[in-house]
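A.B. asks: How does the following fold in three dimensions:
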Amino acid sequence: MDKSAADWPVAFVLNARDVSVAAVPGERLSDSLRERLGQRDVKVGCNAGDCGACTVLIDGAPVCACLTATQQAAGRRVETVAGLTASDPVAQRLVESFQDNGAAQCGICTPGMMVSAVALLRDEPAPDTAQIEEALGGVLCRCTGYRKIIDAVRDAAAGVTGRAAGSGAVGSAIRRVDGVEKITGAEAYGDDIAPPGTLALRVVRSPFPRAGFVLGDLDGFVRDTPGVVAVLSAADVPGRNCFGVIPDFADQPVFAEVETRFRGEAVAAMIGTPEAMQRFDMARFPVTWSELPATLTVVDATAAGAPQLHAARAGNVMCGGFVQCGDAQAALARADVTVEGRFNSGFVEHAYIEPEAGYATYDNGKVEIYACTQAPMMDREAMAQILGWDAARIRIVPTAVGGGFGSKLDISVQPFLALGAIKTGRPVRMAYSRVESMQSTTKRHPSDITLKIGATRDGRICGFDFRGRFNTGAYASWGPTVANRVPVHASGPYRIADYRAEAQGIHSHCPPSGAFRGFGVPQTAIAQESLFDELADRLGIDALEFRILNALEDNVPTVCGQVFTQGVGIRACLEALRPAWAEHRAAAAAFNAAAQAAGRPERRGVGLAAGWYGCGNTSLPNPSTIKAGIRADGGVVLHQGAVDIGQGANTVITQIFAQALGVPVDQVQRVGGDTDVTPDAGKTSASRQTFVSGNAARLTGAALRRQILHLCNAPEAAQLRIGAGEIIVGDEYDHRIELGKLAADAKGYVLSACETYDPPTKPLDRNGQGEPYAQFGYAAHLAVVEVDTALGTVRPQRFVAAHDVGKAINPILVEGQVQGGIAQGLGMALMEEFIPGRTENLHDYLIPTSGDMPPVETIVVEVPDAHGPYGAKGLGEHVLIPTAPALLNAIRNACGRRLYRVPATPATVRAALRGQLDD
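C.D. replies: Residues are numbered from 1 along each chain as shown. Below is the predicted model:
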């Protein structure tokens with residue numbers, strides 16, 4: 001034979017059409033489908049068969065396309081989600097059901113879920129829950145908590161429809177405005193934008209936590225390496241080789257210059273043909289490493305003689321936060337009962353299913369960056385500093401974001417792509433590998449917390465002394481936010497007159513710790529809510545009644561001295577748990593009695609915890625701006641720059657705007673957060689978008705409505721009907737506005753409005769007194785667990801979650817956020833701990849699967865907020881905060897042992913129980 005294997009085409013049937021691919025030996029089917037055949041509906045999350053996002057059907061059986069060689073498809077029938085949803089009746093029922101149930105949030109896993117569900121329903125038209133969980137078990141989801149996906153498959157099988165048949169008005173459950181694209185695989189994420197054949201970029205990263213390095217002959221390397229077009233290093237950064245999300249703490253280089261500070265830090269990047277980059281062996285890159293002593297823990301980093309990461313931060317202390325009111329020590333001295341403990345948690349990985357990815361072009365002196373991001377305007381500001389350019393020369397276009405949870409607030413691929421496009425003059429793309437993503441992106445801060453709390457005999461809290469140290473890794477990222485937010489929140493939503501809380505961020509040679517759903521508050525809640533159970537036990541008071549007795553109320557100052565005259569909903573959340581608290585404790589007691597009598601090792605326990613979270617920045621400006629216009633043809637366009645990372649901002653903000661304007665939601669066309677055409681709606685973080693951007697959308701809709709009413713002198717109560725080329729304003733008489741007769745502006749709008757909302761806050765003084773947030777949201781969770789006291793395994797059985805959201809703009813989205821947040825809290829509590837160098841993939845780093853997530857009963861509490869749009873409060877972070885402490889309290893209730901470190905793995909639980917369980 002005189003032909004190479006690549007010369008022999010691989011022929012198969014793809015979505016009912018004959019195709020042929022000249023694939024190299026061993027080429028992944030996922031690559032052939034995406035890059036050679038244009039099937040970008042096949043998503044790639046790990047390239048290791050761990051996440052299942054790339055699932056396709058081969059002869060009707062679900063397989064991971066990333067683990068299947070293209071040659072294995074020869075002569076067979078391959079189906080992807082796009083093909084299925086276009087023609088298959090089962091898939092089309094699933095499309096409707098997924099929309100009705102809100103089963104797609106960020107959407108990156110949804111194609112894999114859909115394909116797996118089609119395979120199930122073809123074989124078993126009426127599956128039970130266990131069969132659905134098993135069928136979906138090979139696909140990971142980080143957003144939904146799986147329950148809505150399971151419900152969607154069940155409903156599709158049963159023919160149930162209409163769960164999201166609301167009007168679109170605020171408070172009604174409607175389908176996501178961007179849901180169909182997610183479900184059919186049409187949504188374009190960071191790695192779905194670039195045309196095939198675009199130059200690819202690979203980053204050269206440190207294999208050590210700390211190392212000196214010397215780059216070799218880079219010009220010679222490019223000259224002598226086929227397919228390599230250019231190499232980037234610190235010498236190619238024309239502006240400031242430094243970035244950070246908080247300007248005063250910016251400290252991270254795009255490329256390290258002489259020494260790396262964490263494993264995975266970038267020192268250079270190669271640009272070349274996709275084939276060359278894919279096959280290149282990194283060991284051939286000309287760099288010489290010298291491993292240096294590193295500190296990986298807070299204890300080591302603060303020890304005498306520890307290497308200093310940043311010269312201006314003595315003792316490796318990045319910064320601290322402090323809140324004090326009254327006299328905590330004096331109160332503790334007079335308390336009738338005190339409890340104390342030291343609590344620890346490790347790094348937690350965001351584990352979104354979409355790794356960081358993007359694409360950049362450079363033309364006529366302007367760079368355009370398409371990437372998955374939570375903060376396009378912040379990206380542009382950072383790139384202006386790095387490039388040394390005016391921001392007008394930089395355009396950021398957010399792609400769809402396949403999960404973020406805080407980490408995609410920091411820039412990742414953006415500077416590499418921009419520098420690569422500028423240097424080569426050609427478009428450049430890159431997508432992090434799963435290992436690369438986990439090595440180099442931010443994590444949840446490990447915590448080391450000591451806490452002492454006192455109470456009087458009547459159950460009132462009397463003194464609270466909190467000290468927390470947080471491992472912020474090599475660079476600041478959002479560490480200052482964590483250090484300042486933690487002392488404000490460490491009290492929980494309770495009245496505490498005598499309080500002291502101090503937090504520090506400590507540098508180490510670990511990946512930077514950044515924003516992750518709660519900014520340090522979930523760690524503090526573990527300590528505070530665990531010791532509240534201990535206090536209640538010592539006092540002989542029911543744990544729920546203890547919390548209700550001490551719950552914050554209207555007109556009662558927080559530990560920062562802030563007084564809310566209305567809207568404090570924590571008592572309502574706790575009261576809502578009363579029936580479930582009684583029911584599940586009685587059921588657990590009966591279960592345990594039967595298990596003990598039968599000699600079985602299983603024990604059930606019930607635990608609860610509460611939480612609160614301030615929405616938006618802490619005592620800092622936090623504005624959002626929203627723009628809208630009406631064209632002469634009657635089109636209503638909303639420029640909505642609040643990035644939707646799965647939480648539903650596109651839908652919620654559209655509902656709020658439509659309500660304020662007085663038009664149906666489906667009449668509103670959206671333009672996303674393109675920095676060239678949409679004003680700054682602020683970053684998607686800190687549970688701010690519904691509250692802050694929602695308010696801006698409400699103001700914009702109201703302003704546009706006033707303009708319309710003014711044109712015909714109609715009353716506020718008039719109804720609007722916007723049609724082709726006209727607006728009919730109806731009150732006692734109909735008024736017709738002919739839009740074609742109005743002058744259009746430069747953007748083509750005959751009517752437009754642009755409004756900004758910035759929450760009212762006040763700075764904190766040196767004791768942390770002030771008004772850090774305009775609103776808080778409140779939550780209380782109940783967890784039921786089953787502990788196998790022989791093996792140490794913990795299996796959650798059920799959650800009951802009460803959330804004060806002020807006003808549920810869209811109840812289906814509220815339920816989805818609650819379930820997804822609980823799933824992440826469950827992972828943090830029971831299984832997730834990132835260990836640099838050891839758990840850098842989704843095989844060794846475990847996140848909950850569909851079989852790990854129990855049913856969740858969501859209780860929506862609505863205590864309206866004075867500042868929120870239509871009374872609404874934020875929700876994103878709140879849903880995670882009480883979950884881990886509720887689980888830990890349930891474990892203690894089940895088997896009598898208090899755990900002071902998470903995750904509570906089977907080994908940890910068994911070690912605590914060994915020989916110590918009192919039956």
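A.B. asks: leaving aside the residues next to it on the chain, what's closest to Thr756?
C.D. replies: Thr625 (4.4 Å; C-beta to C-beta, 6 or more residues apart in numbering). The C-beta positions use only the backbone N, C-alpha and C, and glycine is treated the same way.
A.B. asks: you'd agree that neighbour is up against Asp680?
C.D. replies: Yes. Counting by C-beta atoms under 8 Å, Thr625 touches Asp680, with 5.6 Å between them.
A.B. asks: From Gly102, how far off is the nearest residue to Ser172 once chain neighbours are set aside?
C.D. replies: The shortest distance from Ser172 to any residue other than its chain neighbours is 2.9 Å, reached at Gly166 (C-beta to C-beta, 6+ apart). Gly166 sits 12 Å away from Gly102, going by C-beta to C-beta, to the nearest Å.
A.B. asks: go on, Asn841?
C.D. replies: Here Asn841 is placed at a distance of 30 Å from Gly102 (C-beta to C-beta).
A.B. asks: Could you check which of these two is surrounded by more residues?
C.D. replies: Gly102 (30 against 17; other C-beta atoms under 10 Å).
A.B. asks: Quick one: name whatever helix or strand follows the helix or strand hosting the residue nearest to Thr756.
C.D. replies: Using DSSP states H and E, Thr625 sits in strand 624-631. As assigned by DSSP H and E, the chain's next helix or strand after strand 624-631 is strand 636-639.
A.B. asks: other SSEs contacting that following strand?
C.D. replies: Applying 3 or more C-beta pairs under 8 Å, 6 or more residues apart in numbering; DSSP states H and E, we find strand 636-639 packed against strand 624-631, helix 649-661, strand 668-671.
A.B. asks: how does it look with 6 Å?
C.D. replies: Packing partners of strand 636-639 (3 or more C-beta pairs under 6 Å, 6 or more residues apart in numbering; DSSP states H and E): strand 624-631, strand 668-671.
A.B. asks: Of all those, which one is nearest Ile183?
C.D. replies: strand 668-671 (17.7 Å; C-beta to C-beta).
A.B. asks: quick one: the next helix or strand along the chain from the closest one to helix 649-661, angle?
C.D. replies: Tracing the chain past strand 668-671, the next element assigned as helix or strand by DSSP H and E is helix 694-711. Here helix 694-711 runs at 30 degrees with respect to helix 649-661, directions being taken by axes from the mean of the first three to the mean of the last three C-alpha atoms, to 10 degrees.
A.B. asks: give the contact list for the residue positioned nearest the centre of the chain.
C.D. replies: Per C-alpha atoms, centre = their mean, the C-alpha nearest to the average position across the chain is that of Phe405, at 1.8 Å. Phe405 makes contact with His350, Phe516, Arg517 under the criterion C-beta atoms under 6 Å, 6 or more residues apart in numbering.
A.B. asks: you'd agree the second one is up against Gly404?
C.D. replies: Translated: Phe516. No. In this structure Phe516 lies outside contact range of Gly404 using C-beta atoms under 6 Å: 9.8 Å.
A.B. asks: Pull up the gap between the residue nearest to Ala610 when sequence neighbours are not counted and Ala580, please.
C.D. replies: In space, Ala610 comes closest to Ala780 once its chain neighbours are excluded; the distance is 4.4 Å by C-beta to C-beta, 6+ apart. From Ala780 over to Ala580 the distance is 10 Å, taken as C-beta to C-beta.
A.B. asks: Which helix or which strand is home to the residue lying closest to Tyr900 once chain neighbours are set aside?
C.D. replies: Distances taken as C-beta to C-beta, 6+ apart place Phe343 nearest to Tyr900, at 5.1 Å, with adjacent residues excluded. Here Phe343 is covered by strand 337-345, with elements defined by DSSP H and E.
A.B. asks: where's Gln72 relative to Glu27, distance?
C.D. replies: 11 Å.
A.B. asks: swap in Asp633?
C.D. replies: 48 Å.
A.B. asks: who's more crowded, the two?
C.D. replies: Of the pair Asp633 and Glu27, Glu27 is the one with more neighbours under other C-beta under 10 Å, namely 21 against 13.
A.B. asks: Tell me who's in contact with the more buried one.
C.D. replies: Glu27 touches Thr70, counting by C-beta under 6 Å, 6+ apart.
A.B. asks: which stretches of this protein have low pLDDT?
C.D. replies: Regions of the chain meeting the criterion pLDDT under 70 cover residues 1-7, 915-919.
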